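A.B. asks: I'll drop the sequence and a predicted model, then ask my questions.
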Amino acid sequence: MNIADAELVKAFKEGDTGALDELISRYKDRLYAYLLRLSRDRDAADDLLQEVFIKVIKKINFYGEREKFSAWLFTVAHHAAMDYFRSGYRRHEESLDAAGEDGVPLTDMLASREPGPDKILEEGERAAALQAAFDHLSADQREIFLMRHYSGLSFKEIADILGVPIGTVLARMSRAMAKVRTELAEGKD
C-alpha cells in the first residue's frame, strides 16, 4: 500500500522518523538528478541534496498539507540551488550531526545512513548526444526542462516556484524541446 506524501509528512511531524525515510527514499533520486543536471557538478549536487533534506527537516512545519509535497520539496531545492549559485563559492555547510532546534542531532531523525543515490546518468552514445543537446539550452530553459522532467511538476507549479507567468514557462519549455530536437537531429547526420 502506497501512503500519500501528506500522510507521511503528518506522521513525521508526530515523531515517526520512518515516515521521513520513506519521503527521502521516494524523492532522493529525482531530486539528485535535478540538482546534478542544474549544477553540473557531483560534489555540488551531493552538498545541495544534503542541504535540501536538512532544510526539509528543519522547515517541515512550513509545508502546507494542501500543496503537493513534491512541489514544496522542489521549491526548497530551487531556493537552495539559487543561493548556492549566487554565493559563487562553497558556503558553510551544516552537518547532519548538528543538533536541531529541539537539541536532537539531525541524524537521529533518520533511520539509516545509507549512501547517496547511485550513478544517475547512463553511459553511451545516446546519453552523450542528449547531454550535448542539453548543454546548448539556456539556463532558464534547462531549469524548466529539469523541473518538468525530473520532478513531474505541472507547468503551473513550475511557474509558481520560479515566480514567472505560466506563459513564460510554456514558451521556454517549447523552445527547449525544439532546440533539443534540432540538436539530436543534427547529431544523427
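C.D. replies: That came through, no problem.

A.B. asks: Show me the helices in the chain, by range?
C.D. replies: 5-13, 17-39, 42-59, 69-87, 125-135, 139-146, 155-162, 166-188 (DSSP state H).

A.B. asks: Now do the third one against helix 5-13, angle only.
C.D. replies: Think helix 42-59. If you take axes from the mean of the first three to the mean of the last three CA atoms, to 10 degrees, helix 42-59 sits at 70 degrees to helix 5-13.

A.B. asks: Show me how far helix 42-59 is from its chain's centre.
C.D. replies: On the basis of CA atoms, centre = their mean, to the nearest Å, helix 42-59 sits 9 Å off its chain's mean C-alpha point.

A.B. asks: what packs against that helix?
C.D. replies: For helix 42-59, the elements it packs on are helix 17-39, helix 69-87, judged by 3 or more CB pairs under 8 Å, 6 or more residues apart in numbering; DSSP states H and E. No exception for glycine: its C-beta is placed from N, CA and C like everyone else's.

A.B. asks: try 10 Å
C.D. replies: Here helix 42-59 touches helix 5-13, helix 17-39, helix 69-87, going by 3 or more CB pairs under 10 Å, 6 or more residues apart in numbering; DSSP states H and E.

A.B. asks: got it, and the second one?
C.D. replies: In this structure, helix 17-39 makes packing contacts with helix 5-13, helix 42-59, helix 69-87, helix 139-146, judged by 3+ CB pairs under 10 Å, 6+ apart.

A.B. asks: Can you mark which positions in the helix or strand of the chain at the bottom of the mean pLDDT ranking are buried?
C.D. replies: Using mean pLDDT, DSSP states H and E, the weakest-scoring helix or strand in the chain turns out to be helix 125-135, at a mean of 72. For helix 125-135, a neighbour-count test (16 or more other CB atoms under 10 Å) marks Ala129, Leu130, Ala133, Phe134 as buried.

A.B. asks: mind listing what's buried in stretch 6-21?
C.D. replies: Result for stretch 6-21 [16+ other CB under 10 Å]: buried residues Leu8, Val9, Ala11, Phe12, Ala19, Leu20, Asp21.
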